[in-house]
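1. Here is a sequence with its predicted model. Questions after.
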Amino acid sequence: MNKKISNTKKELIKFAIIGIFSTLYNYIAYVIIYTLFENIFLASCVGYTVGLINSYIFGKKWVFRHNTSSNKRLIISFLIVYATGCFVSSGIIFAINRIYNAHNIAWIIGTGYSIFNNFLGSKFIVFKR
């Protein structure tokens, strides 16, 4: 039991590190797209996609040490988990921004939801052992 908790802690720490970089890339893309088009939903989805690519590559190889080659099931399950995070997160961002007119705060709250969704989905659905 303790070993399983220890492994989960290590995965969570690694996931957080990858998440920091993915979130940074996400936010940079979000700001650029929002500045260019002033479309919060588009900016949120594009930013999320940029972070998504980083998360898949490093989550598979480093965080969850899933050494099998990428196959259709793996990619589809990853996309479903992260698409759920994307659309719910974007909806949260849109709603909070619409109510409070604070796109940066909205982004932080929406991203918080997606972190929770994506770790649990990655660990227990996508890269489960």
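-> Done, it's in. Residues are numbered from 1 along each chain as shown.

2. Okay, now the unreliable bits of this structure?
-> Along the chain, the model assigns pLDDT under 70 to residues 1-4.

3. In it, mark out all the helices, start to finish.
-> Applying DSSP state H to the chain gives helices spanning 2-37, 40-58, 72-100, 103-121.

4. mind putting those helices in JSON lines, mean neighbour count included?
-> For glycine as for every other residue, the C-beta is placed from the backbone atoms N, C-alpha and C. Compiled in JSON lines, the helices of the chain are given as follows (neighbours: other CB atoms under 10 Å):
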{"stretch": "helix 2-37", "mean neighbour count": "15"}
{"stretch": "helix 40-58", "mean neighbour count": "20"}
{"stretch": "helix 72-100", "mean neighbour count": "16"}
{"stretch": "helix 103-121", "mean neighbour count": "18"}
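
5. how about the ones you listed in TSV, adding distance to Arg65?
-> Listed next are the helices of the chain as TSV, based on distance: least, CB to CB, whole Å:
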stretch	distance to Arg65
helix 2-37	9
helix 40-58	11
helix 72-100	14
helix 103-121	15
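
6. out of those, nearest to Arg129?
-> Nearest of those to Arg129, taken as CB to CB: helix 2-37 at 9.8 Å.

7. The closest one versus helix 72-100: what angle between them?
-> Relative orientation of helix 2-37 with respect to helix 72-100: 60 degrees, computed using axes from the mean of the first three to the mean of the last three CA atoms, to 10 degrees.

8. next one: helix 2-37 to chain centre, how far?
-> 7 Å (CA atoms, centre = their mean, to the nearest Å).
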